[in-house]
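Enquirer: Structure of the sequence below:
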Amino acid sequence: MLASLHLVLSNNHNSAKQVNLPQYQNPTTLSQYREISVSFGQSVNCISLSNDGNCILAGCLDSTVRLLDRTTGELLQEYKGHTNKSYKLDCCLTNTDAHVTGGSEDGFVYCRDLVDASVVSKFRAHASVVTSAQTSLSKKVKQHGRVNFRQKPNRFVVKAAAKDIAFDQHSRSAMQAGIDKLADAVGLTLGPRGRNVVLDEFGSPKVVNDGVTIARAIELPDPMENAGAALIREVASKTNDSAGDGTTTASILAREIIKLGLLNVTSGANPVSIKKGIDKTVAALVEELEKLARPVKGGDDIKAVATISAGNDELIGKMIAEAIDKVGPDGLLSIESSSSFDTTVEVEEGMEIDRGYISPQFVTNPEKSIVEFENARVLITDQKISAIKDIIPLLEKTTQLRAPLLIISEDITGGALATLVVNKLRGILNVAAIKAPGFGERRKALLQDIAILTGAEFQASDLGLLVENTTIEQLGLARKVTISKDSTTIIADAASKDELQARVAQLKKELSETDSIYDSEKLAERIAKLSGGVAVIKVGAATETELEDPSPEFPSESSLTSHLETLTVDDQQKGGKQEVPGMKTVQTVLERTATPVVYNDMPDAFCLKDSLTAVRNATQAADRIHRVFRMQSFQRKQLTQYEDDEFGLLDQRVLSLLTSKSCKSGQGDGEVQRFS
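Expert: Numbering: from 1, shown residues only. The predicted model follows:
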C-alpha cells in the first residue's frame, strides 16, 4: 500500500545530491521503492513513478509535492499552493508525464505543469478533504493529444433479472404442478370433516380452515409453478369477494377443469373450442341453479346458512342471525376483537360521522365529555362560517322554538365560533358545531346523505345557496344527537321514505358498478347507515392470536353482509342416492351441445365434449369428497357407539376411498382426485 511508504526528506535542498537512491534497470512498479529513505526531514505520504522511470514524485506533509531524479535523488521541482496543512494526500503524474495532480484539504484537485509548477487546472469536486487523485487517458483524448484530468464518475446500472421462457408441455406441466400443490393444501379443509391448516407467519402460528386465507399465504419457490398457483389464488379471491364463501370448492373445481383441459390440449384439442365449451357449461349451470335456488326467508334460514359458513358452529350462527335481524337486509356487519372472553353483538343505530365537536365548551354531559341533544335542528352546509351575522337569524328562531341546533359545516372560525361558545356557556344558546366529514366529492356525498336522513336542505355553495339566507324550514330534524371528541351519531326518522329509498337504490347501483375495493366498502357503509345501521360482533378469546385474527372462526365481513341475500339449493334425492344438482345439468348440456351439426363442426364438437366432461368431472370430485366424508361420519358414529375407533383409525380408510380409481354405479365415472 502507498500509505506504508515513508520517505524522510531534509529541508536543505542542496543536500539532495548526496542522497543515494537504489538503482533499477526497469523500475516498473512502486513496490520496488518501498525501502527508499531520504534524509530531507519531511515525512512523505506517497510516491509515484513516472512512465519512463526517470523521476519520482513524492507527496510531503508540508503541503508540497516534490519531483526527484530517480538516479541521483536531485530535487528537480517543488510544487506549492495547497492551502491547508496536508497529510495523507496522494499525488500522481499524468500518463504523458507532462503534469502533476494532487489532492488538497481545501476540497480541490490541483493539476500543475511538470516544468514550471504553474496551476493548469483546479477542480472543485468535493466538499471536504481530497485524499487522492488519479488520472487516466481515454481513447478520445489520446487521439486529440490532450489530457483529461477530470475523472469520470462511475455509473450505477440496475439490470432486471433474467426471464425464464417456457413453451408447450414444459410450461403446462410446471403450471399444473403449482396448481396441484395449492389445491391440495386448500382441499384439506373441504367438507364437514375438513382439517385445519397451520400458517407460520409473523408472530404466533395461525390455525385456519378458510380456503382463501390458505391460498393467499402460499408462495412457491419455482416461478412457473407459482404462476399456476396464482391462478387458483385468483379464483379463491374472486369467489370470496363476490360470494363470501365456497372458496375451497371453487379452488377444487378450477383445478379439475384446468387439469383435464390441459390434458385435452396436449392430446391435440382446440383450446378455443374447449374454452367455448366451458363457457356454455357454466351458463347452463348458473341457469339451472337459479331455478333450484330460493331466497332466504326468516331467521331460521339465516341461522342455517351462517352456521354452515362458521364451520357448523350453531352458537356463532345464532349470533349472526340475531345481528342480521337487528340491522335489516341492508345493514352492515363488522367483526372486532373484544377485550373480554365473551363474544357479544352491538348494534349502532343511526348514522355515525368520524368528526367530533369543534370546541369542548359545547359539552352538555361533563361526566362523559359528550354532547347530547334530543329533537335537535340540523344545519348542513359545505361553506365556512366565520361571521356571526350569517347565522343570527337561525339562532333566534331555534331559541324561540327552544330546540337545540347542530351545525355541520366545513369549519367555524373567528367571531362566529367565539360568539357561539360564549352564549353556550351563559346558557343563552343550546348549540354545537362539527366539521363536515370526508374530503372533496366524498364530503358532498356524505352531507347529502345526512340531509336526506334528517330531512334538511343541503346548503351547497356550488348551487348558490348561502347560509345567511337559510330559513328554519330548511333545517333538518334529528331525534337524538350524540357528539364525542372524535365522532358524532345522528338518529333521525327520515322525513321522506321515498326519497331515502331512492337514495339507497342509487348507492346500490353505484356499488354494483364500481371495481374499487375502497369505494365498495364506503358505499356499503353509507347504505347501511341510511337503511338500518351497523352490527358489530365483538369476538372474545383467551389467547392473543385469536384476538388478533378472529376471522377463522367467524365468516368474513363481506361474507356476513352477503348472507343477507344468500341463495340455498334444495336437496335432491332420487332413487335413494344423493347427487349434486349440477351433475345432471352438465350431463344434459354435454349431450345437447356436443352433437355436431355438419361435418366441418366435428373437431369443435369433440373439443366441446372434452371441456364439458372436464366440468362434469370437477363437479363429481367435489361431490365425491362430501359423499366420502358423510360415509366416514356414519361409520365413525357406529364405531364410537361400540368404542372401536378411539384413535380415529378411519382416516386411512377415507384417504383410500379418495384415491380409489373406481366409483359405485351411478356415482360418476371420472377419476377420483386426492385432496389431502
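
Enquirer: from here on, contacts and neighbour counts on C-alpha atoms
Expert: OK.

Enquirer: any weak-confidence spans in the stretch 201-350 of the chain?
Expert: 309-312, 328-332, 348-349 (pLDDT under 70).

Enquirer: quick one: the strands in it?
Expert: For the stretch 201-350 of the chain, strands defined by DSSP state E, counting those that start in this stretch occupy the ranges 206-208, 293-295, 332-337, 344-348.

Enquirer: Go through these and name the closest to residue 531.
Expert: Residue 531 lies closest to strand 332-337 among the strands of the stretch 201-350 of the chain, at 9.5 Å (C-alpha to C-alpha).

Enquirer: list the helices and strands that closest one packs on?
Expert: helix 517-531, strand 534-539, helix 557-562 (3 or more C-alpha pairs under 8 Å, 6 or more residues apart in numbering; DSSP states H and E).

Enquirer: one more time with 7 Å, if that's ok
Expert: Applying 3 or more C-alpha pairs under 7 Å, 6 or more residues apart in numbering; DSSP states H and E, we find strand 332-337 packed against strand 534-539, helix 557-562.

Enquirer: Lowest average pLDDT across the ones you listed?
Expert: Lowest mean pLDDT within the helices and strands packed on strand 332-337: helix 557-562, a mean of 44.

Enquirer: Where does pLDDT dip in the stretch 51-200 of the chain?
Expert: For the stretch 51-200 of the chain, the ranges with pLDDT under 70 are 51-53, 61-63, 70-71, 80-97, 103-107, 123-161, 192.

Enquirer: Could I get the full set of helices for it?
Expert: Counting by DSSP state H, counting those that start in this stretch, the stretch 51-200 of the chain has helices at residues 139-144, 168-187.

Enquirer: Okay, buried residues for the last one please.
Expert: What that stands for is helix 168-187. Residues of helix 168-187 classed as buried by neighbour count (16 or more other C-alpha atoms under 10 Å): 172-187.

Enquirer: Just list whatever residues bridge to the residue nearest to residue 456 when sequence neighbours are not counted.
Expert: Spatial nearest neighbour of residue 456, chain neighbours left out: residue 476 (3.7 Å); criterion: C-alpha to C-alpha, 6 or more residues apart in numbering. Taking DSSP bridges as the rule, residue 476 bridges to residue 378.

Enquirer: next one: residue 480
Expert: Here residue 480 shows beta-bridge partners residue 374, residue 491, assigned using DSSP bridges.

Enquirer: and it, what is it in contact with?
Expert: Under the criterion of C-alpha atoms under 7 Å, 6 or more residues apart in numbering, the neighbours of residue 480 are 373-375, 490-492.

Enquirer: ok, the residues you listed vs residue 384, which is closest?
Expert: Nearest to residue 384 among the contacts of residue 480, counting by C-alpha to C-alpha, is residue 490 at 21.5 Å.

Enquirer: Let me know the pLDDT of the closest one.
Expert: Residue 490 is assigned 84 on the pLDDT scale.

Enquirer: Okay, residue 100 and residue 215: tell me how far apart.
Expert: As judged by C-alpha to C-alpha, to the nearest Å, residue 100 and residue 215 stand 67 Å apart.

Enquirer: So residue 183 is in contact with residue 252, correct?
Expert: Yes - if you go by C-alpha atoms under 7 Å, residue 183 and residue 252 touch, sitting 6.1 Å apart.

Enquirer: Report the separation between the residue nearest to residue 397 when sequence neighbours are not counted and residue 403.
Expert: Nearest residue to residue 397, sequence neighbours excluded (C-alpha to C-alpha, 6+ apart): residue 472, at 6.8 Å. Here residue 472 is placed at a distance of 11 Å from residue 403 (C-alpha to C-alpha).

Enquirer: per the record, what domains does this protein have?
Expert: What automatic domain parsing lists as the domains of the chain is 2-138, 168-294+574-634, 297-349+532-562, 351-495.

Enquirer: Could you pull out the helices in the stretch 201-350 of the chain for me?
Expert: Going by DSSP H, counting those that start in this stretch, the stretch 201-350 of the chain shows helices at 211-217, 223-242, 247-266, 271-292, 298-309, 314-327.

Enquirer: could the ones you listed go into CSV alongside distance to residue 113 and mean neighbour count?
Expert: Shown next, in CSV, are the helices of the stretch 201-350 of the chain (distance: least, C-alpha to C-alpha, whole Å; neighbours: other C-alpha atoms under 10 Å):
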stretch, distance to residue 113, mean neighbour count
helix 211-217, 68, 21
helix 223-242, 61, 21
helix 247-266, 77, 22
helix 271-292, 77, 17
helix 298-309, 87, 19
helix 314-327, 90, 20
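
Enquirer: could those go into CSV alongside distance to residue 167?
Expert: As requested, the helices of the stretch 201-350 of the chain are exported to CSV (distance: least, C-alpha to C-alpha, whole Å):
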stretch, distance to residue 167
helix 211-217, 26
helix 223-242, 11
helix 247-266, 12
helix 271-292, 15
helix 298-309, 41
helix 314-327, 49
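
Enquirer: So for residue 460, which of those sits nearest?
Expert: When those are ranked by proximity to residue 460 (C-alpha to C-alpha), helix 314-327 comes first, at 31.2 Å.

Enquirer: Who are the packing partners of the closest one?
Expert: On a contact count with 3+ C-alpha pairs under 7 Å, 6+ apart, helix 314-327 meets helix 298-309, strand 534-539.

Enquirer: what angle sits between the last one and strand 344-348?
Expert: Using axes from the mean of the first three to the mean of the last three C-alpha atoms, to 10 degrees, the inter-axis angle of strand 534-539 relative to strand 344-348 is 160 degrees.

Enquirer: So what are the sheet partners of strand 534-539 and their directions?
Expert: Strand 534-539 is paired, per DSSP bridges, with strand 332-337 (parallel), strand 344-348 (antiparallel).

Enquirer: Return the most buried member of the ones you listed.
Expert: Counting by mean count of other C-alpha atoms under 10 Å, strand 332-337 has the highest mean neighbour count of the strands paired with strand 534-539, with a mean of 21.

Enquirer: these two touch, right, residue 520 and residue 511?
Expert: Yes - Residue 520 is in contact with residue 511 according to C-alpha under 7 Å; the separation is 5.7 Å.

Enquirer: coming back round to it: would you mind measuring from the residue nearest to residue 397 to residue 278?
Expert: 63 Å.

Enquirer: Residue 403 now?
Expert: Going from residue 403 to residue 278 by C-alpha to C-alpha gives 65 Å.

Enquirer: Name the spans of the stretch 451-600 of the chain whose pLDDT lies under the cut-off.
Expert: In the predicted model of the stretch 451-600 of the chain, residues 494-496, 532-533, 541-600 satisfy pLDDT under 70.

Enquirer: and residue 373, how many neighbours?
Expert: Residue 373 has 22 neighbours, counted by other C-alpha atoms under 10 Å.

Enquirer: which ones are touching it?
Expert: Residue 373 touches 404, 480-482, counting by C-alpha under 7 Å, 6+ apart.

Enquirer: Turn the strands paired with strand 534-539 into TSV, including distance to residue 467.
Expert: Compiled in TSV, the strands paired with strand 534-539 are given as follows (distance: least, C-alpha to C-alpha, whole Å):
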stretch	distance to residue 467
strand 332-337	34
strand 344-348	31
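
Enquirer: just to revisit the earlier point, can you tell me which of the helices and strands packed on helix 314-327 comes nearest to residue 355?
Expert: Comparison of these against residue 355 by C-alpha to C-alpha identifies strand 534-539 as nearest, at 17.6 Å.

Enquirer: which stretch among the strands paired with strand 534-539 comes nearest residue 109?
Expert: Smallest distance to residue 109 across the strands paired with strand 534-539 (C-alpha to C-alpha): 65.7 Å, for strand 332-337.
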